[in-house]
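[1] Build the 3D model from these lines:
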Amino acid sequence: MSDQKREAWKVFQIIAEFVDGFEQLSHVRPAVSVYGSARLKEDHPDYLRAEAISLALSNAGFSVISGGGPGIMEAANKGAFNGSSASIGLNIQLPHEQLANPYQDISLNFRHFFARKVMFVKYATAYVVLPGGFGTLDELAEILTLIQTGKSRKIPIILVNKDFWSGLLAWFSSTLVEAGTINKDDLNLLQICETPDEVLSTIFDFYEQRGFQPSAEEEEVLLEL
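    Model prediction:
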């Protein structure tokens, strides 16, 4: 098969990933997307923190969406799986590291990061970001960019573990703001929480004056992701 034909077939693969994701996730709202490292073991404090937060979210009525793999992703799915709402895994095919965890009520499989990222964003009521590496930082930067530029609706972005994130936040303030590459107000897109109760309070406080369902205007924005 020629390279041109292979690329044409690749388009259909990409379309299929979007269609499958839209069909399976359209009914899960409200949902919270949880991010973090694949490399942390189940006795790590951040693994245990992610599990506890996700259990609290699930019992409060939020479906929990994770990357479906090990580490923090497993902790998030495990907490939600043991709660009362859906545990959702957006699994990605990688040469190493990514093995699907067994705590998924809904399991989707992706070849393409960009299709997977849309599913994280499109159905989220809030984002909870625990310590992680390049992948987590990539996802955090994308969320911030989408909200900052108006390509996604504004929802809570919650960083968990102040000690881990404080250096990055200080750099945002001392370097990016000072250089004029972001506005000082952009820092208000981020909030830090430490406990499940703080995470829940932050989310419920944000939605106190409105419902979790996106408005008609926000739905139009999400269609253009």
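[2] what about this structure, any weak spots by pLDDT?
    Scanning the chain for pLDDT under 70 picks out 1, 3, 96-98.
[3] The same query, at a cut-off of 90, please.
    By pLDDT under 90, the low-scoring segments of the chain are 1-13, 18-19, 26-29, 92-100, 111-112, 209-225.
[4] what are the ranges of the helices in it?
    In the chain, the segments counted as helices under DSSP state H are 3-25, 45-59, 72-81, 113-122, 134-148, 162-171, 178-179, 196-206, 216-223.
[5] want to try a markdown table for the ones you listed, with distance to Y35 and mean neighbour count as columns?
    Where you see a C-beta, it was placed from the backbone N, CA and C, and this is true even at glycine. Converted to a markdown table, the helices of the chain look like this (distance: least, CB to CB, whole Å; neighbours: other CB atoms under 10 Å):
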| stretch | distance to Y35 | mean neighbour count |
| --- | --- | --- |
| helix 3-25 | 17 | 12 |
| helix 45-59 | 9 | 22 |
| helix 72-81 | 7 | 29 |
| helix 113-122 | 8 | 19 |
| helix 134-148 | 5 | 16 |
| helix 162-171 | 12 | 12 |
| helix 178-179 | 26 | 10 |
| helix 196-206 | 13 | 17 |
| helix 216-223 | 19 | 12 |
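[6] Relative to I92, tell me which of the ones you listed wins on proximity.
    Comparison of the helices of the chain against I92 by CB to CB identifies helix 113-122 as nearest, at 5.6 Å.
[7] mind giving me CSV with the helices of the chain and columns for distance to S66?
    Output for these, formatted as CSV (distance: least, CB to CB, whole Å):
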stretch, distance to S66
helix 3-25, 13
helix 45-59, 8
helix 72-81, 4
helix 113-122, 9
helix 134-148, 11
helix 162-171, 18
helix 178-179, 34
helix 196-206, 15
helix 216-223, 20
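[8] just so I know, which of the ones you listed lies nearest L189?
    Closest among the helices of the chain, once you apply CB to CB, is helix 134-148, at 5.9 Å.
[9] what sits up against the closest one?
    35-38, 67, 117, 120-121, 127, 129-130, 151-155, 157, 182, 186, 189-190, 225 (CB atoms under 8 Å, 6 or more residues apart in numbering).
[10] ok, now stretch 111-123?
    So stretch 111-123 is contacted by 13-14, 17-18, 21, 25-26, 28-29, 31, 33, 35, 65, 67, 90, 92-93, 108, 110, 139, 142-143, 146, 152, 222, 225 (CB under 8 Å, 6+ apart).
[11] Fine by me, we can end here.
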